[in-house]
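*Asks:* I would like to see how this sequence folds:
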Amino acid sequence: MEVTEANLQLLAGYLQQTLSADPNVRRPAEKLLESTELQQNYPILLLNLIDKAQMDMTTRVAGAIAFKNYIKRNWAAHLDSDGPDRIHESDRNTIKTLIVTLMLHSPVALQKQLSDAVSIIGKYDFPKKWPQLIDEMVERFASGDFNVINGVLQTAHSLFKRYRYEFKSQALWEEIKFVLDRMAKPLTDLLQATMQLTKVHENNADALKVIYGSLVLVNKVFFSLNSQDLPEFFEDNINTWMGAFIQQLAADVPSLRTADDEDAGVLEHLRAQVCENICLYAKKYDEEFKPFMEQFVTAVWELLVKTSLQTKYDSLVSHALQFLSVVAERQHYQSIFENPEILAQICDKVVIPNLDIRPSDEEIFEDSPEEYIRRDIEGSDIDTRRRAACDLVKTLSINFEQKIFGIFGQYLERLLTKYKENPATNWRSKDTAIYLVTSWASRGGTQKHGITQTSELVPLPEFCARQIIPELERPNINEFPVLKAAAIKYVMVFRSILGPQVLASCLPQLIRHLPAESSVVHSYAACSVEKILTMRDASNTIVFGPQILAPYTNELISGLFATLSLPGSGENEYVMKAIMRSFSVLQSAAMPFMGVALPRLTEILTQVAKNPSRPHFNHYLFETLALCIKIVCQADTSAVSSFEEALFPVFQGILQQDIVEFMPYVFQMLSVLLEMREGTGTIPEPYWALFPCLLSPALWDRTGNVTPLIRLISAFIKQGSAQIQALGKLSGILGIFQKMIASKANDHEGFYLLQNLLSYYPPAEIQTNLRQIFGLLFQRLSLSKTPKYLSGIIIFFSFYVIKFSGSQMAQLIDEIQPNLFGMLLDRVFITEMGKVPKEQDRKMVAVGVTKLLTETPEILQQQYATFWPRLLHSLIDLFERPPEKLMGLEIGEPAGVAEDPDAGYQVAFAQLTHAQPNQQDHLAEIKDARQFLATSLSKFAQARAGEFSTLLSPLEPEYKQVLQKYCDQAGVRIA
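*Replies:* Purely as a prediction, here's the structure:
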């Protein structure tokens with residue numbers, strides 16, 4: 001693809017089409033760009049388009065986003081597999097040559113996308129393959145052009161941000177040192193120069209906005225560079241930085257104050273970042289920070305007291321409160337908070353005002369319920385005042401429990417009294433009271449169980465009985481919706497503490513609130529019901545089983561489905577998850593509702609397939625459908641045809657329209673339906689019409705499709721191998737096997753497919769391909785030997801020995817290369833088999849190796865005989881030692897598998913819990929592999945009495961003792 005004017009115009013046209021709201025215009029353009037992106041010069045063409053000033057800005061932004069996504073998809077794709085590099089080497093070098101300069105002279109809208117692309121490239125190439133990047137960036141600090149400087153700082157922020165959360169390692173230390181050696185001093189110089197410029201330009205509002213914007217970015221980069229450890233340079237210059245932070249907290253520039261109540265201005269961003277930086281130092285480097293502590297506590301306190309309740313200050317107040325929480329946690333700073341008067345002031349001037357619900361919060365509650373829920377119960381309220389105030393309350397309650405109890409007790413009494421005086425006007429006081437109790441009493445918990453540890457001084461069940469249940473019992477479910485939501489949340493959060501009896505009285509009230517008009521109220525009601533239904537007692541029995549649910553089942557199921565018809569809740573993930581959970585608990589008791597539920601679920605699927613936009617909702621929808629199939633077909637296997645009749649048209653539509661988000665789900669559902677048919681006869685025609693499409697290479701290029709497609713192909717092999725043979729499709733399946741085995745990410749899928757072929761496909765045709773198959777396995781072994789692949793190949797060859805014979809395997813391997821079988825034993829089996837992680841796989845390896853030792857004459861030949869005692873030694877180690885931890889993915893655990901339906905949607909592949917494949921134990925008849933070894937050795941010893949003692953003699957005495965123990969347990973003798 002040449003970089004020509006004609007190609008630029010063509011690319012611009014397709015980019016404009018990708019912005020179309022009409023899927024018939026948008027999707028073909030997206031597919032075309034996807035198909036051309038691997039051509040040489042494609043990224044260079046994109047960069048030229050982005051740089052073209054006369055091009056429409058919307059198209060340039062679309063190009064910048066497309067470029068960033070191209071880099072994200074392809075820059076490191078070859079590192080995950082042994083496939084070819086998707087980006088030509090010359091393109092890589094050209095991108096790295098052009099991108100920094102292009103980013104720095106681009107408008108802000110483009111700069112952000114290009115900066116992200118630089119950070120993605122930097123993640124893989126910096127510093128080893130791109131050492132000049134940092135020097136190129138630091139040079140621009142001297143330009144004096146703050147638009148350029150801010151571009152450099154933005155890129156540095158994107159590039160170094162990962163230092164905040166990456167695990168410590170030698171490579172990371174070396175990289176940070178490389179950066180600090182080149183960046184720490186210029187950054188400090190830039191800080192000082194920029195602080196000076198704030199005075200020089202104090203009367204120039206436009207210049208000040210850019211200059212203070214630079215300080216925000218300087219502070220962000222400072223945070224990243226200090227996140228792992230305290231660098232020596234910053235420790236030596238701590239006075240410079242802390243002095244600047246004190247000045248920045250105190251800075252009040254009238255021209256930078258914004259009239260907007262909601263959007264934070266540059267001053268708010270700067271102070272919030274300063275609070276984040278000093279919080280980091282107070283938390284991690286308190287020894288070095290100690291001399292500055294009181295000064296900062298005073299500055300932050302003064303800032304909090306004078307900051308009003310407008311939304312634009314939320315991030316600032318949140319970080320300031322977090323700083324006070326960190327200080328209060330530290331033993332040697334607690335003297336600051338010991339004084340009851342200071343504690344009372346903190347409660348009065350900081351905690352209570354920030355716990356109160358504000359008009360802006362009420363607005364979000366009504367107009368943006370999803371945003372309110374996301375902040376309130378999904379834990380993304382990290383930057384909200386309420387969350388930070390709650391955390392401060394919790395910290396103070398833990399460290400000053402007795403003093404705080406008295407202070408908060410008085411406030412609580414006051415708030416509840418105020419509410420009683422006039423509930424209609426003062427309902428906000430009770431809302432604050434509930435929040436105060438929640439944060440005051442909480443000591444610890446988990447997402448799965450809610451709060452599990454609380455303060456003994458706060459009687460939570462009593463508060464629930466007196467203050468929460470009366471709110472839920474009010475006849476009008478639409479009255480005081482914010483207060484209703486707070487009451488429901490209280491039940492949800494403290495469910496593990498309140499106990500089954502209290503929850504049993506709350507459950508009908510929660511169900512009663514499902515039809516509430518407020519999206520937040522009915523979402524909280526559904527979420528609470530779902531979480532209560534997951535609860536288990538000490539014996540792991542579900543607390544609220546079908547019998548307890550029986551009186552409410554009708555109201556619960558009909559209420560949940562009716563909620564999906566309420567405005568704004570057509571795709572409510574909490575409601576769909578509650579439907580899934582209810583069916584999961586009810587099991588066969590859900591049968592009477594299936595007649596209504598299934599057509600409704602199919603109708604919803606048809607609707608959402610037109611424009612998938614709610615990934616969590618979609619995930620739980622497919623979970624629910626899979627669960628319904630399971631429940632109904634357990635009662636009546638023939639019902640599978642009714643499901644096929646209802647769902648096949650929808651599934652075919654999804655596949656024909658190439659709805660990428662739903663394909664992995666559809667393949668899982670087809671696998672479930674096909675597996676339900678096992679043993680009932682031939683596979684119906686609609687499945688076979690679909691089969692050739694499943695082998696299409698384009699489907700296998702999408703990582704999310706791989707695991708469910710392998711499972712679906714395996715189901716076809718298991719039930720319809722004769723027809724696959726008749727259709728001549730084995731070569732297509734072997735092509736997929738070859739692609740899988742070459743990939744580091746998917747080699748375990750290749751082994752799974754191969755096991756199914758060897759188990760169920762007509763042996764004659766497979767045998768003719770075995771040499772080629774084994775050749776591919778050894779080729780990958782020599783080219784790219786990962787711990788995961790080694791485990792996979794050991795398990796596979798063990799399976800082969802069990803299925804066919806060790807002799808057949810040894811002969812076949814030695815035909816590929818003389819003595820290759822010995823090398824496999826020596827360098828793979830003997831050294832690596834202890835690392836096989838899963839119990840069932842270890843059993844397979846143990847039985848396979850036992851058969852090699854006792855039923856494979858080839859291993860007794862002169863060139864291999866020395867491996868016999870070493871192989872036995874390794875097998876005893878396998879039994880006696882725990883599996884060694886593998887780096888990376890474990891064998892048989894596909895990437896992105898969600899162990900629990902709560903894990904929800906994941907971009908690449910989300911395993912449906914209710915569509916889990918059945919785990920097959922190929923060795924169910926062998927209960928104990930140790931006894932199998934003992935019995936097999938006993939037979940072998942009898943058959944080859946003379947040879948056996950010679951073979952056994954090199955074995956160390958302690959290993960012989962272990963072997964004797966196995967024989968005693970099996971009741972056999974070997975000597």
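*Asks:* can you map out the strands along the chain?
*Replies:* 442-446, 450-454 (DSSP state E).
*Asks:* check contacts around the nearest residue to Ser20 once chain neighbours are set aside.
*Replies:* The shortest distance from Ser20 to any non-neighbouring residue, by C-beta to C-beta, 6 or more residues apart in numbering, is to Arg26 (4.6 Å). The C-beta positions use only the backbone N, C-alpha and C, and glycine is treated the same way. With contact taken as C-beta atoms under 8 Å, 6 or more residues apart in numbering, Arg26 is in contact with Gln17, Thr18, Leu19, Ser20.
*Asks:* and the third one, backbone torsions?
*Replies:* Meaning Leu19. Per-residue torsions, Leu19: phi -90, psi 0 (degrees, to the nearest 10).
*Asks:* Asn204 now?
*Replies:* phi -110, psi 100.
*Asks:* just for the stretch 501-650 of the chain, where's the confidence low?
*Replies:* The model of the stretch 501-650 of the chain has no residue with pLDDT under 70.
*Asks:* any idea how far Val660 is from Thr703?
*Replies:* To Thr703, Val660 is 11 Å away according to C-beta to C-beta, to the nearest Å.
*Asks:* More neighbours: these two, which one.
*Replies:* Thr703 (19 against 14; other C-beta atoms under 10 Å).
*Asks:* Looks like that one contacts Phe909 (just checking).
*Replies:* Yes: Thr703 is within contact range of Phe909, at 7.0 Å (criterion: C-beta atoms under 8 Å).
*Asks:* so which of the contacts of Arg26 would you say is closest to Thr553?
*Replies:* Ser20 (46.3 Å; C-beta to C-beta).
*Asks:* show me where the stretch 701-850 of the chain has helices.
*Replies:* 703-727, 730-741, 747-760, 763-783, 787-803, 806-816, 820-824, 830-832, 839-855 (DSSP state H, counting those that start in this stretch).
*Asks:* any chance of those helices in JSON lines, plus mean pLDDT and distance to Asp367?
*Replies:* Formatted as JSON lines, the helices of the stretch 701-850 of the chain follow (pLDDT from 0 to 100; distance: least, C-beta to C-beta, whole Å):
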{"stretch": "helix 703-727", "mean pLDDT": "93", "distance to Asp367": "34"}
{"stretch": "helix 730-741", "mean pLDDT": "94", "distance to Asp367": "49"}
{"stretch": "helix 747-760", "mean pLDDT": "94", "distance to Asp367": "46"}
{"stretch": "helix 763-783", "mean pLDDT": "92", "distance to Asp367": "56"}
{"stretch": "helix 787-803", "mean pLDDT": "95", "distance to Asp367": "49"}
{"stretch": "helix 806-816", "mean pLDDT": "94", "distance to Asp367": "68"}
{"stretch": "helix 820-824", "mean pLDDT": "95", "distance to Asp367": "66"}
{"stretch": "helix 830-832", "mean pLDDT": "94", "distance to Asp367": "60"}
{"stretch": "helix 839-855", "mean pLDDT": "95", "distance to Asp367": "53"}
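*Asks:* Tell me the spacing between His748 and Leu734.
*Replies:* His748 sits 17 Å away from Leu734, taking C-beta to C-beta as the criterion.
*Asks:* Settle it for me: which of these two has more neighbours?
*Replies:* Taking neighbours as other C-beta under 10 Å, His748 and Leu734 compare with His748 leading, 25 against 18.
*Asks:* okay if I get the helices of the stretch 701-850 of the chain as TSV plus distance to Ser115?
*Replies:* Shown next, in TSV, are the helices of the stretch 701-850 of the chain (distance: least, C-beta to C-beta, whole Å):
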stretch	distance to Ser115
helix 703-727	26
helix 730-741	35
helix 747-760	36
helix 763-783	37
helix 787-803	35
helix 806-816	51
helix 820-824	50
helix 830-832	44
helix 839-855	45
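*Asks:* Between those helices, which one is closest to Thr59.
*Replies:* helix 703-727 (29.4 Å).
*Asks:* Quick check: which helices or strands does the closest one pack against?
*Replies:* helix 663-676, helix 685-694, helix 697-700, helix 730-741, helix 747-760 (3 or more C-beta pairs under 8 Å, 6 or more residues apart in numbering; DSSP states H and E).
*Asks:* among those, which is nearest Ala929?
*Replies:* helix 747-760 (18.5 Å).
*Asks:* For that closest one, buried residues please.
*Replies:* 747-758, 760 (16 or more other C-beta atoms under 10 Å).
*Asks:* ChimeraX command to pick out the buried ones of the contacts of Arg26?
*Replies:* Applying 16+ other C-beta under 10 Å to the contacts of Arg26, the buried members can be selected in ChimeraX as follows:
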select :17,18
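*Asks:* Where helices are concerned, which of the contacts of Arg26 count?
*Replies:* When those are checked against helices (DSSP state H), the matches are Gln17.
*Asks:* right, and out of the contacts of Arg26, which lies closest to Leu790?
*Replies:* Thr18 (43.6 Å).
*Asks:* which one is the closest one nearest to, not counting chain neighbours?
*Replies:* Per C-beta to C-beta, 6+ apart, closest to Thr18 is Ala29, 4.8 Å.
*Asks:* Help me confirm that Leu280 comes into contact with Asn226.
*Replies:* Yes: in this structure, Leu280 is within contact of Asn226 by C-beta under 8 Å, at 6.3 Å.
*Asks:* more crowded one of the two?
*Replies:* A direct count of neighbours by other C-beta under 10 Å for Leu280 and Asn226 places Asn226 higher, at 22 against 19.
*Asks:* from what I can see the more buried one touches Lys283, true?
*Replies:* No: in this structure, Asn226 is not within contact of Lys283 by C-beta under 8 Å, at 11.1 Å.
*Asks:* what sits against the closest residue to Leu699 other than its chain neighbours?
*Replies:* Using C-beta to C-beta, 6+ apart and skipping the chain neighbours, the partner closest in space to Leu699 is Asn705 (5.3 Å). By C-beta under 8 Å, 6+ apart, Asn705 lies in contact with Met663, Pro664, Phe667, Leu699, Phe909.
*Asks:* Determine which two of the residues you listed are furthest apart.
*Replies:* It's Leu699 and Phe909 that sit farthest apart of those, by C-beta to C-beta, at 13.1 Å.
*Asks:* Just want to know which of these two has more residues nearby.
*Replies:* Taking other C-beta under 10 Å, Leu699 and Phe909 do not tie; Phe909 has more neighbours (22 against 17).
*Asks:* The more buried one and Phe667: what is the separation?
*Replies:* Using C-beta to C-beta, we find Phe909 at a distance of 10 Å from Phe667.
*Asks:* Give the residues shared as contacts by these two.
*Replies:* Joint contacts of Phe909 and Phe667 (C-beta under 8 Å, 6+ apart) are Asn705, Pro708.
*Asks:* Give me the below-cutoff pLDDT ranges for this structure.
*Replies:* Checking the chain against pLDDT under 70 turns up 80-83, 378-383, 442-458, 884-908, 975.
*Asks:* Tell me how far Ala272 lies from Thr307.
*Replies:* Ala272 is 11 Å from Thr307, by C-beta to C-beta.
*Asks:* Now do stretch 347-361: distance to the chain's middle.
*Replies:* Here stretch 347-361 is found 33 Å from its chain centre; the criterion is C-alpha atoms, centre = their mean, to the nearest Å.
*Asks:* Name the residues of it that are buried.
*Replies:* Buried, per 16+ other C-beta under 10 Å, within stretch 347-361: Cys347, Val350, Val351, Ile352, Pro353, Asn354, Leu355, Asp356, Ile357, Arg358, Asp361.
*Asks:* among the residues you listed, which are in helices?
*Replies:* Those of those lying in helices (DSSP H): Ile352, Pro353, Asn354, Leu355, Asp361.
*Asks:* what about the last one, distance to Tyr435?
*Replies:* Yep, that's Asp361 we're talking about. 11 Å.
*Asks:* same thing with the second one?
*Replies:* Separation of Pro353 from Tyr435 (C-beta to C-beta): 12 Å.
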